[in-house]
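Asks: I'd like to go over a predicted model; first the sequence, then the structure.
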Amino acid sequence: MNLVIRDTLEKMATFPGQGSVLEQIDKLVRRQQRIQLFEMLEKLSDEDTQESPVKLERITKANGKKRPMMLRFYLKKWQGYDEVFWQALGDYIIVALHRVKDVDFNTERGKIKVEYFPKTKGRVRSQEEIGIIIQKLAFMVDNEILPTDFTRFRRMNERSDKLGEISKEQAALFGALLKLV
């Protein structure tokens, strides 16, 4: 563990990064987690995950760096699962896909929507590969291979509807109230 911390601090000192020191450490640790996650995914065979199929329902293509790609998947077996499992799945999708803008799910319908900016390099390139990754992640969460206490997705949900997400009208109202006070 000390080697990981030392390597992370050395990378931070030699490579420019965004955010606070803790956020930069979080990004570097997530990169290591992504590598470990893909090693776990590669160990799973297609026969193991056949019992939990994932169907790609809809694709909205990305528009360069202006609009993210949107994919909708249907997980029939996951219909009615509790939010904790869906949030865990969302967490692992964020780790695996790297440039995720938003993950939204509907527990009653068994559907998940992923918005992300696709990369031209790296492991994940096509929608089919993303479907396979989600299928394997769902299998691993369902069979308790991956824990359900990961919190990145929950933090994204907690930040929504906060100051960074308010509308212009709400911001103008707050500004007017501050002038009065």
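Replies: Okay, I see it.
Asks: mind listing what's buried along the helix or strand L41 falls within?
Replies: Using DSSP states H and E, the element containing L41 is helix 21-43. Neighbour-count burial for helix 21-43 flags Q24, I25, L28, R34, L37, F38, L41 (criterion: 16 or more other CB atoms under 10 Å). The C-beta positions use only the backbone N, C-alpha and C, and glycine is treated the same way.
Asks: so what's the gap between that helix and the chain middle?
Replies: Its chain's C-alpha centre and that of helix 21-43 lie 12 Å apart, by CA atoms, centre = their mean, to the nearest Å.
Asks: follow-up on the earlier one: which one of the buried residues of helix 21-43 is nearest to L146?
Replies: Nearest to L146, judged by CB to CB, of the buried residues of helix 21-43 is L37 at 8.3 Å.
Asks: quick check: which element contains the residue nearest to the spatial centre of the chain?
Replies: The residue lying closest to the centre of the chain (CA atoms, centre = their mean) is I94, at 1.6 Å. Element membership for I94, per DSSP H and E: helix 83-97.
Asks: distance from the chain centre to that helix, please.
Replies: How far helix 83-97 lies from its chain's middle: 6 Å, per CA atoms, centre = their mean.
Asks: that helix - contacts with which helices or strands?
Replies: The contact analysis (3 or more CB pairs under 8 Å, 6 or more residues apart in numbering; DSSP states H and E) places helix 83-97 against helix 21-43, strand 100-106, strand 111-116, helix 127-142, helix 152-159.
Asks: return the helix or strand in this structure with minimum mean pLDDT.
Replies: Among the helices and strands of the chain, helix 152-159 carries the lowest confidence by mean pLDDT, DSSP states H and E, at a mean of 55.
Asks: on the three-state scheme, K121 is what?
Replies: coil (DSSP: H, G, I helix; E, B strand; the rest coil).
Asks: for it, give me the pLDDT.
Replies: The model reports K121 with a pLDDT of 73.
Asks: residue contacts, it?
Replies: Listed by CB atoms under 8 Å, 6 or more residues apart in numbering, K121 has no contact partners.
Asks: need phi/psi at it.
Replies: The phi/psi pair for K121 (degrees, to the nearest 10) reads phi -110, psi 160.
Asks: what distance do you get for it to K11?
Replies: Relative to K11, K121 is positioned 19 Å away (CB to CB, to the nearest Å).
Asks: same question for E83.
Replies: For E83, the distance to K11 (CB to CB) stands at 35 Å.
Asks: who has more neighbours, these two?
Replies: Counted by other CB atoms under 10 Å, E83 and K11 do not tie: K11 has more neighbours, with 15 against 12.
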